[in-house]
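**Q** Okay, structure incoming, though there's no sequence with it:
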């Protein structure tokens with residue numbers, strides 16, 4: 001299967017390595033598929049993830065801003081230029097707190113899945 005030239009498989013079944021070191025250097029397939037530097041054929045990452053799962057997955061459908069939960073509408077007020085959706089804004093707002101959380105999770109041997117949540121929030125609550 002043809003993939004993005006920056007992506008290579010790792011021992012993590014739902015993600016890989018990014019040669020550009022984007023998204024912490026280990027983006028999930030869903031995150032990688034939405035990256036602006038992705039040069040693979042359309043849908044390659046989703047197809048690879050579906051192959052791993054053995055079933056078809058549906059990405060979250062964008063919700064109209066008028067139907068966003070209050071907490072997401074409040075978060076969107078803090079958006080900055082270049083942020084694609086609520087996930088990007090949340091990541092920026094958490095800043096060092098988010099990094100401390102990730103570090104604590106790693107010490108407990110638990111994957112935090114922050115990149116997956118960020119990608120999901122960006123797809124579900126996009127700014128454009």
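**A** Looks like it came in fine. Keep in mind that what you see is a predicted model, and the values were worked out from it rather than measured.

**Q** ranges for the helices of the protein?
**A** For the chain, the helices defined by DSSP state H cover 29-34, 44-53, 70-76, 86-107, 114-124.

**Q** The third one - contacts with which helices or strands?
**A** Read it as helix 70-76. helix 86-107 (3 or more CB pairs under 8 Å, 6 or more residues apart in numbering; DSSP states H and E). From N, CA and C alone the C-beta is placed, and that goes for glycine too.

**Q** I'd like the helices of the chain as CSV, with mean pLDDT, mean neighbour count and distance to residue 10 appended.
**A** CSV is the format used below for the helices of the chain (pLDDT from 0 to 100; neighbours: other CB atoms under 10 Å; distance: least, CB to CB, whole Å):
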stretch, mean pLDDT, mean neighbour count, distance to residue 10
helix 29-34, 70, 24, 11
helix 44-53, 70, 16, 12
helix 70-76, 95, 13, 31
helix 86-107, 82, 14, 16
helix 114-124, 83, 20, 13
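
**Q** how about these, which one is nearest residue 62?
**A** With distances scored as CB to CB, the stretch of those nearest to residue 62 is helix 114-124 (6.5 Å).

**Q** tilt between that closest one and helix 86-107?
**A** Orientation of helix 114-124 against helix 86-107 (axes from the mean of the first three to the mean of the last three CA atoms, to 10 degrees) gives an angle of 160 degrees.

**Q** And the average pLDDT for stretch 35-43 is what?
**A** Taken as a whole, stretch 35-43 has a mean pLDDT of 72.

**Q** ok, residue 63 - contacts?
**A** Taking CB atoms under 8 Å, 6 or more residues apart in numbering as the contact definition, residue 63 lies against 124, 125.
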